[in-house]
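J.: Whatever this is, show me its structure:
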Amino acid sequence: MSEETTPPSASPKSSSLILTLGIIAMLSGLMVVLTFQLTKPRIALNKQRALEKAVFTVLPEATVRKNFFLDESGLAALPDEAFADANVFAGYDDAGKLAGLAMEASARGYQDVVTILYGYSVDNEAVIGITVLQSTETPGLGDKVETDPDFLANFEKLDARLNNTGTAMANEIVTVKNGKKTDPWQIDGISGATVTSTAIGTGLRRSTNEMLPLLAKYKSSLPRSLSE
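T.: Next up is the predicted model:
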């Protein structure tokens, strides 16, 4: 007695599988691109709003903001719609007087790059406040740079004077171990968040080294009041 055997089903051809996978990959890529393009304006708008709010956080006396771009070629005023291109934000108080400048600084922290916005007093040549714009540091440790009152007190009047020729910092900003601060340009670090507090100091040092001599060079282009 013979058994009837079921013939094996035909396997899909390799070329068909490759074609199907290719179409799926192409559609997936298209969806990623479309999603990015559709959300890009909203992401940019949210980032702008957060940055605008941060400017008034580090310059609490300011009520009006003006945008500028500073580089080796000079200090140029920008219209409000060019906010994203600015790297210097000037804040003016109710009387129209310059209350200070806000600029970004960043450096590698424990997890990723830590980006801050800091306020700078032109009259006092000092950093007068910071706020964190971007950080993925460890909750409960690295994020102390945003909440620790003793650490934040470093930036009430952190010395950021230039040398006599205005071409370089008189003393570079640096973070020191907690309790070891002896000079007004030093940042007293946080125990348990040494890497993150050092990143804040490194970012400030890089930014002030680059931006403040340029600012001194082109200070005549900076309106000291809204009436200028």
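J.: Please tell me I have it right and G96 contacts S227.
T.: Yes - with contact defined as C-beta atoms under 8 Å, G96 counts as touching S227 (5.9 Å). For the C-beta atoms, the positions are set from N, CA and C on the backbone; glycine is no exception.
J.: who's more crowded, these two?
T.: The residue with more neighbours, out of G96 and S227, is G96; 15 against 8, by other C-beta atoms under 10 Å.
J.: Just give me the neighbour total for the closest residue to the more buried one other than its chain neighbours.
T.: Distances taken as C-beta to C-beta, 6 or more residues apart in numbering place L226 nearest to G96, at 3.8 Å, with adjacent residues excluded. One way to gauge burial is a neighbour count; for L226, by other C-beta under 10 Å, it gives 14.
J.: Please tell me how far L226 sits from L75.
T.: Per C-beta to C-beta, to the nearest Å, L226 is found 16 Å from L75.
J.: State the distance from the residue nearest to G96 to Q186.
T.: Here L226 is placed at a distance of 35 Å from Q186 (C-beta to C-beta).
J.: phi, psi of N87?
T.: phi -120, psi 0 (degrees, to the nearest 10).
J.: Number of residues surrounding it?
T.: Once other C-beta under 10 Å is used to define contacts, N87 is seen to have 14 neighbours.
J.: Assess the claim that it and L101 are in contact.
T.: No - because the distance of 10.4 Å does not satisfy C-beta under 8 Å, N87 is recorded as not touching L101.
J.: Helix or strand: which one has L21?
T.: helix 14-58 (DSSP states H and E).
J.: Quick check: what element follows that helix along the chain?
T.: Sequence-wise, the next helix or strand downstream of helix 14-58 (DSSP H and E) is strand 64-71.
J.: on contacts alone, who are the packing partners of the helix or strand following that following strand?
T.: Read in the C-terminal direction, the helix or strand following strand 64-71 is strand 74-78, with elements assigned using DSSP H and E. The contact analysis (3 or more C-beta pairs under 8 Å, 6 or more residues apart in numbering; DSSP states H and E) places strand 74-78 against strand 64-71.
J.: sorry, back to before: list the contacts for the residue nearest to G96?
T.: With contact set as C-beta atoms under 8 Å, 6 or more residues apart in numbering, L226 has these partners: V64, K66, Y92, G96.
J.: Could you dump those residues into JSON lines and include pLDDT and distance to F151?
T.: Output for these, formatted as JSON lines (pLDDT from 0 to 100; distance: C-beta to C-beta, whole Å):
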{"residue": "V64", "pLDDT": "96", "distance to F151": "30"}
{"residue": "K66", "pLDDT": "96", "distance to F151": "30"}
{"residue": "Y92", "pLDDT": "97", "distance to F151": "29"}
{"residue": "G96", "pLDDT": "96", "distance to F151": "33"}
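J.: Buried residues in stretch 95-104, which are they?
T.: Applying a neighbour-count criterion of 16 or more other C-beta atoms under 10 Å, one finds L98, A99, G100, L101, A102, M103, E104 buried in stretch 95-104.
J.: SS state for the fifth one?
T.: The three-state label given to A102 by DSSP: H, G, I helix; E, B strand; the rest coil is strand.
J.: Hmm, it is touching L117, no?
T.: Yes - shown here, A102 and L117 form a contact pair, counting by C-beta under 8 Å, at 5.5 Å.
J.: All set now, cheers.
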